[in-house]
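>>> what follows is a predicted protein model with its sequence.
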Amino acid sequence: MIDLRDIRSLTDFQRNAREYVKRIKETKNPVVLTINGKAELIVQDAESYQKMLDRIERAEAVEVIRKGIDEFERGEGRPAREALEELRQKYGIPR
């Protein structure tokens with residue numbers, strides 16, 4: 001969740017960039033930057049950004065697995081060996 005104290009104008013950020021960078025690195029909290037009073041950008045440290053991307057990737061993988069399980073339970077799946085054999089034949093992959 002974004003702290004309302006971490007909403008700043010782009011102009012203020014530009015004037016005090018070093019201070020903001022230091023605070024972002026220490027707190028790991030992103031800063032929302034506004035342009036003409038409208039939220040336009042988020043600035044955050046690289047480590048926190050990477051962690052967010054990793055969480056999204058895991059969540060997407062879990063969703064795909066859940067969909068696969070649901071399809072299998074509805075009888076829409078097929079054995080992995082059968083599917084792999086079809087792919088081998090289709091793409092000429094030797095055993």
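Noted; the coordinates are in hand.

>>> where along the protein do the strands fall?
Using DSSP state E, the strands assigned to the chain run over residues 7-9, 31-35, 38-43.

>>> quick check: buried residues in the second one?
Meaning strand 31-35. The neighbour-count check on strand 31-35 (16 or more other C-beta atoms under 10 Å) flags 31, 32, 33, 34 as buried. Where you see a C-beta, it was placed from the backbone N, CA and C, and this is true even at glycine.

>>> got it, and the longest one?
For strand 38-43, a neighbour-count test (16+ other C-beta under 10 Å) marks residue 43 as buried.

>>> just the CA coordinates for that strand, please, in PDB.
As requested, the backbone C-alpha atoms of strand 38-43 are provided in PDB (Å, rounded to 0.1, in the frame of the first residue of the first chain):
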ATOM      1  CA  LYS A  38      -2.100  13.900 -11.300                       C
ATOM      2  CA  ALA A  39      -0.300  10.700 -10.300                       C
ATOM      3  CA  GLU A  40       1.900   9.800 -13.200                       C
ATOM      4  CA  LEU A  41       5.000   7.900 -12.100                       C
ATOM      5  CA  ILE A  42       6.100   5.500  -9.400                       C
ATOM      6  CA  VAL A  43       9.800   5.400  -8.300                       C
END
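
>>> angle of it against strand 31-35?
140 degrees (axes from the mean of the first three to the mean of the last three C-alpha atoms, to 10 degrees).

>>> lowest mean pLDDT among the helices and strands of the chain, which one is it?
helix 80-91 (a mean of 92; mean pLDDT, DSSP states H and E).

>>> output the below-cut-off pLDDT ranges for this structure.
Low-confidence regions of the chain, defined here as pLDDT under 70, cover residues 4.
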